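*Asks:* This is a predicted model, with the sequence first.
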Amino acid sequence: VEKSHWVRMASQEKVRYSKEKQAYKGPLTRKLRAKKNPLAPKRPMSAFLMYAQKKRKSLQKEHPTMSNADISRLLGEIWHKADEDEKKPFLEREEKERKVYRAKMESWKADQKVAAAMATPAARPKANAARTFYQPEMREEPSTSHDKSGAEISFCREDAASFTKEEASCVNDEGNQETFHLNHCANYSY
């Protein structure tokens, strides 16, 4: 008798739960941010963070009883009220560091793409496959050479020996264009 009471209550609760779940329109799970690759280039500091890093110690000496959160708030107010001449060196430094970061990030992403292509056997080119590498200064008739496995490699440049450009692209077996960094192409196993 006692167990039947709890079974009945559990079935009623189950019906109530399923109705609420069907009526619910929000996300069922919280989306978690993807973990950042520790080998990826670090983002540069913003102009404000560079400014705050420089001014924080002097503000802490002026206001020794202030908490760190209050000092951060004060730094934000000072930065907001600062004139362009005071902000200029920090903004210029941020711009330079962002350009370097973007270049490093592009290079890193390309390296990751090549590494992923090398890791999957289906993406590797077949032996004796003809490949053509293009450079900005192309000539009509590419010079041709063969690698260890006998795959034909064509360099579209006047002097194949001076093939030192950072990036190269090639046409794979399916006729698709692929872009590589040359330091990886040299070690590419066909």
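*Replies:* Here it is on my side, so go on. In this text the structure is predicted, and so the values were computed from the model without any measurement. Numbers count the residues shown, from 1 in each chain.
*Asks:* Report the separation between residue 97 and residue 25.
*Replies:* For residue 97, the distance to residue 25 equals 44 Å [CB to CB, to the nearest Å]. (Glycine included, C-beta is placed from N, CA and C.)
*Asks:* do the same with residue 3
*Replies:* Residue 3 sits 37 Å away from residue 25, going by CB to CB.
*Asks:* Which strands and helices lie in contact with the strand or helix carrying residue 91?
*Replies:* Following DSSP states H and E, the helix or strand that holds residue 91 is helix 84-119. Contact here means 3 or more CB pairs under 8 Å, 6 or more residues apart in numbering; DSSP states H and E; on that basis helix 84-119 packs against helix 47-62, strand 177-181, helix 182-185.
*Asks:* which stretch in the ones you listed is the model least sure about?
*Replies:* Mean pLDDT across the helices and strands packed on helix 84-119 is lowest at helix 182-185; the value there is a mean of 40.
*Asks:* about what we covered before: for residue 97 and residue 25, indicate the residue with more neighbours.
*Replies:* residue 97 (16 against 5; other CB atoms under 10 Å).
*Asks:* contacting residues for the more buried one?
*Replies:* For residue 97, the residues meeting the contact criterion (CB atoms under 8 Å, 6 or more residues apart in numbering) are 44-45.
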